[in-house]
Structures are given as C-alpha cells and as structure tokens.
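1. what's the 3D shape of this:
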Amino acid sequence: MNPVLKYRGGKSREIPRFLQYIPDDFNRYIEPFFGGGAVFFYLEPDNAIINDANTRLMTFYQQLRDDYPTMRTQLDRLQRIYEINQAEFKRLKILTPDERVPNANEDLYYHMRELFNHPDNSFLDGVLYFFINKTAYSGMIRYNSNGEYNVPFGRYPNLNTRLVTQQHSELLQRAELFNLDYREIFDMAEEEDFIFLDPPYDCVFNDYGNIDMMNGFDEAEHRRLAADFRNLQCRALMVIGKTSLTEELYNGYIFDEYYKNYSVNIRNRFNNDKMHIVVKNY
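-> Numbering: from 1, shown residues only. A predicted model of the protein is given here:
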C-alpha cells in the first residue's frame, strides 16, 4: 500500500535499501516519528503504534481512520471543483496562449489556506491538511512569525484525492495513534515489539513541517535520542542522514549506508545527494 501524503524525507523509494533488515517475527510495529508513514503502509502490520509530534499530521490520520465517509465526501467535492476549474483554465489558455489566464484553483487554494489557518468547521481539519499538502508549492510546510501557514499555490494541474482510500482507513484502524514525545512511545515498547525510527535529520532545516518543533530537532535532541536508542529493550531499526554527529552517536550500530537523491530541494536547504546510514540494535 502506498502512503497518502507528500512528505519531505519520506522513505517510499528507499525501502528496498533497508527492507532486508526488518524482522518478520515481531509482535507489534512501532513508529515514533511517523511522518508520511511509508514503511507502515508498505508492511501493513496487524498491530501497530504510530506517533508524530506534528499535531495536524496526526489529526489527518486520526480522521482518516475514524471518519473516512465524511473525509471522502469532502474530498470528492474538492476534486470536482478542482477539475472544473482546471478545465476552464485550459480552455482559456488555448484561446489566449500568450496572455496570463486567471486560474480559479489559485483562489480556491488561498481560500483553503485561510481555512487551514483559521478553521471554521466547513471542512475536517484532515481534509484541509491533505489539500494543502497536495497543492502548496513543492509540498512545503512553512509558517510565519504568527504561526500562520504562508506557502504560495503550487499550480498543480491535478488534485488526486483518490490517493485516500478505504483500505488506508482500515489499516489505520489496526493502529493506536499518538501525538506525543517519542520517549513516551519508547516507554510503551515491549520486548517482542519492533521499532522503526526515521527521526528528523541532523541538518539546519529539519522541522519536517512541524509547527510544534519550530526550533528544530537539534544536537541535544539527537544526543538524547541516541542515548534512549541504546537503552531500548526491543529491536529497533533507524534510517538517518550520515553526518559526523550521527556517525559519532551510533558508532557500533551502523550496518549499512546508501545514497539518497532528494527530489525536493527548496533553495538549497538540502543537498540533492545525501548519504544515509542504517542503524540497528540487533
């Protein structure tokens, strides 16, 4: 099963690089830094705990799990509007190819962005999150000093709400969802569980779109995570960017490495090519 959201740092294309290290005899799958959840959706575990510090992200998954019919109805409505607007834009563009043509989807985007910043219950919060995720410029998540989302329209011709399925909802029904610090999730782990870790990377721009972590997952947080990783009583696998800090923190636990080419590179905040390391305690 494919993930639903566009997510910076997502692991969909990388799974073949570390799949061999994932055990197949665990009791419960645990992912404390869930993000786009590519590994969870790929494995489709029967019993899981998923968590992320991003409140809005976890609200999306919770509403997808618990209120799929409402989410589906609202997404279908937006899909129809988006397709009608795009068809009209293309028609006008053919008539006046050398002139700037207004795009009603741009107005729709800024209306939805306003609702994202100031919800009025006309849409589920999760629907707003999905729409912004799919239509904002390059899928960026950025907030101004007032905590308001301020990324411009991405001008995408398609809004594929069909990515959100009943099957995703049913899989999430097999999981407990949390919006906590990862340490609280570590405390829930039992010996026969398996933890997959995809923490924010050791780089300057590592918020991963999380308004609750606007200061980033800094060196102190990485050192705290490494110490907690060493004390885990269950099997744990981590994929993280290779830096001098992560090599120091996980010395003796690094079993593999591979290159990742980033398809999203906003104003050079990421190098296009980045070495990743595979870390495990078993």
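2. and the spatially closest residue to Lys11 that is not a sequence neighbour, what is it in contact with?
-> Once flanking residues are discounted, Lys11 sits nearest to Ala38: 4.4 Å by CB to CB, 6 or more residues apart in numbering. C-betas here are computed from N, CA, C, even on glycine. Applying CB atoms under 8 Å, 6 or more residues apart in numbering to Ala38 gives the contacts 3, 7, 10-12, 15.
3. of these, just say which sits nearest to Ile132.
-> Tyr7 (12.6 Å; CB to CB).
4. okay, and which of the contacts of Ala38 map to helices?
-> Residues of the contacts of Ala38 located in helices (DSSP state H): Ile15.
5. tell me where the stretch 151-282 of the chain is predicted with low confidence.
-> Low-confidence segments of the stretch 151-282 of the chain, defined by pLDDT under 70: 202-216, 261-273.
6. can you give me the helices for it?
-> 166-172, 182-188, 219-230, 244-249 (DSSP state H, counting those that start in this stretch).
7. the stretch 1-150 of the chain too?
-> Secondary structure of the stretch 1-150 of the chain (DSSP H, counting those that start in this stretch): helices located at 15-18, 38-43, 55-66, 68-95, 104-117, 125-135.
8. between the last one and helix 68-95, how big is the angle?
-> To tie it back to what came earlier, the one meant is helix 125-135. Helix 125-135 runs at 30 degrees relative to helix 68-95, counting by axes from the mean of the first three to the mean of the last three CA atoms, to 10 degrees.
9. neighbouring contacts of helix 125-135?
-> By CB under 8 Å, 6+ apart, helix 125-135 touches 4-7, 56-57, 59-64, 71, 74-75, 78, 105, 109, 112-113, 115-116, 119, 123, 139, 149, 151, 153-154, 156, 159-161, 164.
10. wait, Leu249 touches Arg223, no?
-> Yes. Between Leu249 and Arg223 there is a contact under CB atoms under 8 Å: 6.6 Å.
11. rewinding a little: adding mean neighbour count and distance to Pro97, write the helices of the stretch 151-282 of the chain out as CSV.
-> What follows is the helices of the stretch 151-282 of the chain, written out as CSV (neighbours: other CB atoms under 10 Å; distance: least, CB to CB, whole Å):
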stretch, mean neighbour count, distance to Pro97
helix 166-172, 17, 40
helix 182-188, 16, 52
helix 219-230, 16, 51
helix 244-249, 15, 51
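12. buried ones in stretch 98-117?
-> Within stretch 98-117, the residues that count as buried by 16 or more other CB atoms under 10 Å are 103, 105-106, 108-109, 112-113, 115-117.
13. check what pLDDT the residue sitting furthest away from the middle of the chain gets.
-> Ranked by distance from the centre of the chain (CA atoms, centre = their mean), the top residue is Leu95, with 39.5 Å. Listed pLDDT for Leu95 reads 96.
14. could you measure from it over to Pro102?
-> 13 Å (CB to CB, to the nearest Å).
15. name the nearest of the buried residues of stretch 98-117 relative to Tyr21.
-> Among the buried residues of stretch 98-117, and counting by CB to CB, the member closest to Tyr21 is Phe116, at 37.7 Å.
16. would you agree that closest one is in contact with Tyr149?
-> Yes. Phe116 lies in contact with Tyr149 (CB under 8 Å); the separation is 5.6 Å.
17. thought Pro157 was touching Ala87?
-> No. Contact criterion CB under 8 Å: Pro157 and Ala87 do not qualify, at 10.2 Å.
18. now do the contacts for the residue farthest from the centre of the chain.
-> Residues in contact with Leu95 (CB under 8 Å, 6+ apart): none are found.
19. with Met275 instead?
-> If you count contacts by CB under 8 Å, 6+ apart, Met275 has them with 241-242, 257-260.
20. what subset of the residues you listed is buried?
-> Buried, going by 16+ other CB under 10 Å: 241-242, 260, out of those.
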